[in-house]
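**Student:** sequence first, predicted model second:
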Amino acid sequence: MKIVYFHWFYRKMIDRLVVKTLKGRARDRRDFGKGRLTRAELKTVTKACWKEYAVLAENPPVFVSQGGRAMAYKCVYIQSLYRTIQKAVPHEPYAGELVADFCWKFYEQSAGLPRALAFVLYRSPLSRLRFVVRVALRFAFTSPDFAWTLTPLANGYQVDFHRCQAWEFMKTLEGDELTFFKHCWCNQDRPLNEILVKGGVFQRTHCLAEGDGVCDMKWTTGEAIGRK
């Protein structure tokens with residue numbers, strides 16, 4: 001499967017989010033005298049990013065399911081943006097920080113619809129949390145690209161991932177790109193749990209990207225006993 005182009009509207013949405021997230025950030029956080037990133041600079045970055053994306057998408061990660069294919073788009077785009085930002089920002093760790101901030105905004109925005117539905121359909125924090133987790137597993141982390149088990153807890157869910165196609169994609173990377181993906185991609189769930197439920201607590205003691213046999217995630221309300 002070749003994934004060369006996003007839908008035009010989706011591309012425009014992503015470009016706007018890049019500009020909104022990064023506009024005004026320092027060009028070099030080691031030297032604030034160099035000024036801050038402008039809208040014009042970031043538009044140049046987004047154009048260059050899609051050119052890089054077209055090249056990388058010639059040999060995309062192999063994802064089978066609908067959710068897996070959507071994940072493939074995201075993986076290749078984030079890799080493209082990371083490479084492009086590095087050319088605009090001289091300090092590599094800072095370039096990773098900027099892209100990680102975009103990743104979080106993208107992740108947060110993607111969860112917007114299920115979050116809104118959860119607040120309309122349910123009153124209790126526990127029910128809202130469980131709803132969003134179930135929606136994510138149903139539509140984003142689909143078999144056979146992902147393999148997971150779901151265990152209800154008194155105050156949330158435990159989700160154990162035994163196979164993660166995003167991690168399979170990371171295995172094809174090397175050096176700073178692999179380090180970036182491991183630190184960025186695998187650390188978006190904690191802040192999402194915190195915005196889903198006030199006082200929510202996310203826990204993970206093992207991670208596939210660290211060589212463990214499972215990603216053991218606990219999505220909880222932070223309460224000792226959840227409300228039904």
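**Tutor:** All right, it came through fine. In this text, all values refer to a predicted model and were calculated from it rather than measured experimentally. Residues are numbered from 1 along each chain as shown.
**Student:** longest helix in the chain, by residue count?
**Tutor:** As assigned by DSSP state H, the longest helix anywhere in the chain is helix 66-88.
**Student:** buried residues in it?
**Tutor:** Of all the residues in helix 66-88, those buried under the rule 16 or more other Cβ atoms under 10 Å are 67-86, 88. From N, CA and C alone the C-beta is placed, and that goes for glycine too.
**Student:** quick one: the closest residue in space to C184 that isn't next to it in sequence from Q188, how far?
**Tutor:** Distance criterion Cβ to Cβ, 6 or more residues apart in numbering; nearest residue to C184, sequence neighbours excluded, is A100 at 4.2 Å. Relative to Q188, A100 is positioned 9 Å away (Cβ to Cβ, to the nearest Å).
**Student:** with neighbour numbers in mind, choose between the two.
**Tutor:** A100 (19 against 15; other Cβ atoms under 10 Å).
**Student:** what's the spacing between that one and T21?
**Tutor:** Taking Cβ to Cβ, one finds A100 at 10 Å from T21.
**Student:** what is the neighbour count of V214?
**Tutor:** Residues near V214, counting by other Cβ under 10 Å: 17.
**Student:** quick one, what contacts it?
**Tutor:** Going by Cβ atoms under 8 Å, 6 or more residues apart in numbering, V214 touches 160-162, 206, 208.
**Student:** closest one of the residues you listed to R30?
**Tutor:** L208 (33.8 Å; Cβ to Cβ).
**Student:** would you confirm that that closest one contacts C164?
**Tutor:** Yes. Counting by Cβ atoms under 8 Å, L208 touches C164, with 5.4 Å between them.
**Student:** show me whatever sits in contact with both of the two.
**Tutor:** C215.
**Student:** okay, those two: which has more neighbours?
**Tutor:** The neighbour comparison of L208 against C164 (other Cβ under 10 Å) goes to C164, with 22 against 19.
**Student:** phi first, then psi, for that one.
**Tutor:** Taking degrees, to the nearest 10, you get phi -140, psi 110 for the backbone angles of C164.
**Student:** by mean pLDDT, flag the weakest helix or strand of this structure.
**Tutor:** The helix or strand of the chain with the lowest confidence, counting by mean pLDDT, DSSP states H and E, is helix 165-170 at a mean of 85.
**Student:** hmm, who's touching it?
**Tutor:** By Cβ under 8 Å, 6+ apart, the surrounding residues in contact with helix 165-170 are 61, 63, 68, 71-72, 75, 145-146, 178, 181-182, 185, 208-209.
**Student:** noted, bye for now.
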